[in-house]
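Chemist: curious how this folds, go ahead:
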Amino acid sequence: MNFYFITNSASVAAYAAKNGVDRLFVDLEILGKDERQGHLNTVISRHTFEDLERVRAAAPSTELVARLNPINPDTRAEVDRAVRCGANTLMLPMFHSASEVELFSSYVAGRAKICLLVETIGAMDTLRDCVAVPGVIEVHIGLNDLHLAMRHAFMFEPLTNGCVEEMARQLREANIPFGIGGVARVGEGMLPAELILSEHARLGSTAAILSRTFHRDAKSVEEIEADMDFCGEVEKLRGAYLRHCESDVAQLLRNQKEVKRLVEEIVRHLQAKTRSDSNS
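Modeler: Numbers count the residues shown, from 1 in each chain. Here you go, the predicted structure:
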């Protein structure tokens, strides 16, 4: 399991790279985010190309992923600059069709790996064609924007309603490695990370983002160390995933049913709260 860690801090990046993180992630996407997520309690990053360069210098041997903006008139320049700043992998968000992926790939021109962030209905519906584009080496299924596009109440609904299941099947058939969403700490939350990781193992996912909840949105190494054993918590996640990979099919299916039950329970709670708020 490859764990992504989103940061624009050089010191935090170096620390994470030494403590179990496989991929550092600088988030340069800004176009359209306020419109899509401005009403939610989600992070809208303000990372810069200068941050990308600093993170690369701080952790020169760690895989460095740069999420760029969706296709726009400046995409070619963004790609060129991200490559110059040292990104190994360029992530394309909010695309809707294979033609956008083809354009992006033509700009990258083999200078970096391409990871597609599937978070629109169009991307989901044209996934086979998108991953056939030369240069695409991996996919990440982004549950946040995808659940918004599908008008779901809860981020993990696509994991239980068959959407992620079908995408995972297509990606396995195409031999394209993929990851799904993010995870918090083992043993926490209404939908515990260890259960989510069971679905990763069942579906064949090999990557996840360490969520803001995982590190409590810490901005410095000092804040991280004051709150948690970072390396220990990463290894708990990795251990849970590996145990699920060794589980038999029957156990994974039991876990799948429990994930579905918990997601449905959370959705009912959210819907009841929405009704209550609208009546008050």
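
Chemist: run the chain-centre distance for the strand or helix carrying Glu258.
Modeler: For Glu258, the element it lies in under DSSP states H and E is helix 249-279. Its chain's average C-alpha position is 21 Å from that of helix 249-279, according to Cα atoms, centre = their mean, to the nearest Å.

Chemist: please apply the same query to stretch 153-171.
Modeler: When C-alpha coordinates are averaged (Cα atoms, centre = their mean), stretch 153-171 and its chain have centres 14 Å apart.

Chemist: next up, phi/psi of Ile6, please.
Modeler: phi -90, psi 120 (degrees, to the nearest 10).

Chemist: the closest residue to it other than its chain neighbours pairs with what?
Modeler: Leaving out its chain neighbours, the residue that sits closest to Ile6 by Cβ to Cβ, 6 or more residues apart in numbering is Phe25, at 4.5 Å. Heads up, the C-betas are built off the backbone N, CA and C, glycines and all. Beta-bridge partners recorded for Phe25 (DSSP bridges): Ile6, Val65.

Chemist: now do the contacts for Phe25.
Modeler: 4-7, 65-67, 209 (Cβ atoms under 8 Å, 6 or more residues apart in numbering).

Chemist: repeat the analysis, applying 6 Å as the threshold.
Modeler: 4, 6, 65 (Cβ atoms under 6 Å, 6 or more residues apart in numbering).

Chemist: which of those sits closest to Leu146?
Modeler: Of all those, the one with the least separation from Leu146 (Cβ to Cβ) is Tyr4, at 16.9 Å.

Chemist: tell me what Thr89 is bridged to.
Modeler: The partner residues for Thr89, given DSSP bridges, come to Val65, Lys113.

Chemist: what's the spacing between it and Leu191?
Modeler: For Thr89, the distance to Leu191 equals 28 Å [Cβ to Cβ, to the nearest Å].

Chemist: what of Ala123?
Modeler: Distance of Ala123 to Leu191, computed by Cβ to Cβ: 24 Å.
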